[in-house]
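In: Below: sequence and its predicted model.
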Amino acid sequence: MKHVTIMGIPFLHTNQQSFVDLLDQRIQRGEKTFVITANPEVVMKARKDTQFMQHVQRATYVVADGIGVVKAASLLKQPLPERVTGFDTMIHLLEIANKKHYRIFLLGAQNDTLQKTVKKIEQQYPNIKIVGAQDGYFNWESNEVADSIAKLQPDITFVALGCPRQENWIANNLSKFNQGVFIGVGGSFDGIAG
Ligand code: UDP
């Protein structure tokens, strides 16, 4: 697959639709996928923090979340087709999940936001099965949350802990999971909860 490397980070050369189709194919094949949607802030964080950079490099795909990354690629004369944001990817994945009756897990945000997000998804995407929801204020040292996700085997786990917490949490726990998409979606639950 074609990539454009910006400051050491390999960005997938894709657009929003092709990217969600790719994720769907991987779900159908039972593959495990770690997705980072990286904006310029993420790129700068990775430059400064070696451990975070190592986590970013463990991602299956890094996509350009932000016009700044798309512009940087153009300046390098290796243009990327368009930005692919965490929020838009989440909404597209929910649409696919609703069509295909996928099972999802929601991890992150304040509990009231999380409960509102659960309700909104249940109303708008009735065929999705939400197999679990955990707010983002749990003990990071404990394996409990990751272990329960590993047992539930959701097709998609949306991780809304903000950056770099969500990328670090996925990278640190990835080996426990056998399959499914794990994607950091920042403040997207707040957006959906309204
Ligand atoms: N969040 C969380 N646990 C934390 C810190 C933040 O679940 O320990 C959630 C927060 O409630 C919000 C989301 O992460 O829903 C994004 O937070 P923030 O806007 O601070 O992240 P950023 O803008 O840095 O991605």
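Out: Everything's here; your move.
In: now L93: how far from the ligand?
Out: 18 Å (CB to the nearest ligand atom, to the nearest Å). Bear in mind the C-beta positions are built from the backbone N, C-alpha and C, glycine included.
In: Tell me if I am right that that residue is in a strand.
Out: No - using DSSP: H, G, I helix; E, B strand; the rest coil, the assignment for L93 is helix, not a strand.
In: which residues touch it?
Out: Neighbouring residues of L93 by CB atoms under 8 Å, 6 or more residues apart in numbering: 20, 23, 156, 158, 181, 183.
In: from the residues you listed, which two are the most distant?
Out: Farthest pair in the contacts of L93 (CB to CB) is V20 and F158. Separation: 13.3 Å.
In: These two: which has the busier surroundings?
Out: More neighbours surround F158 than the other of V20 and F158, with 28 against 21 (other CB atoms under 10 Å).
In: Name the residues that touch the helix or strand harbouring the more buried one?
Out: Per DSSP states H and E, F158 falls inside strand 156-160. Contacting residues not belonging to strand 156-160 are listed as 27, 90, 93, 97, 102-109, 136, 149, 166, 169-170, 180-190 [CB under 8 Å, 6+ apart].
In: Go through the contacts of L93 and name the one nearest N143.
Out: Of all the contacts of L93, F158 has the smallest distance to N143: 19.8 Å, by CB to CB.
In: related to what we said a few turns ago, what pairs with the strand holding F158, parallel or antiparallel?
Out: With DSSP bridges as the test, strand 156-160 is paired with strand 103-108 (parallel), strand 180-184 (parallel).
In: what's the most buried one of the ones you listed?
Out: strand 180-184 (a mean of 27; mean count of other CB atoms under 10 Å).
In: can you tell me if it touches the ligand.
Out: No - contact between strand 180-184 and the ligand, assessed by CB under 6 Å from any ligand atom, is absent, since the two come no nearer than 8.3 Å.
In: For that strand, give the mean pLDDT please.
Out: What strand 180-184 shows for mean pLDDT is 98.
In: Now for the spatially closest residue to Y61 that is not a sequence neighbour: which residues touch it?
Out: Leaving aside its sequence neighbours, Y61 sits nearest to L12 (CB to CB, 6 or more residues apart in numbering; 4.8 Å). By CB under 8 Å, 6+ apart, L12 lies in contact with 1-3, 19, 61-63.
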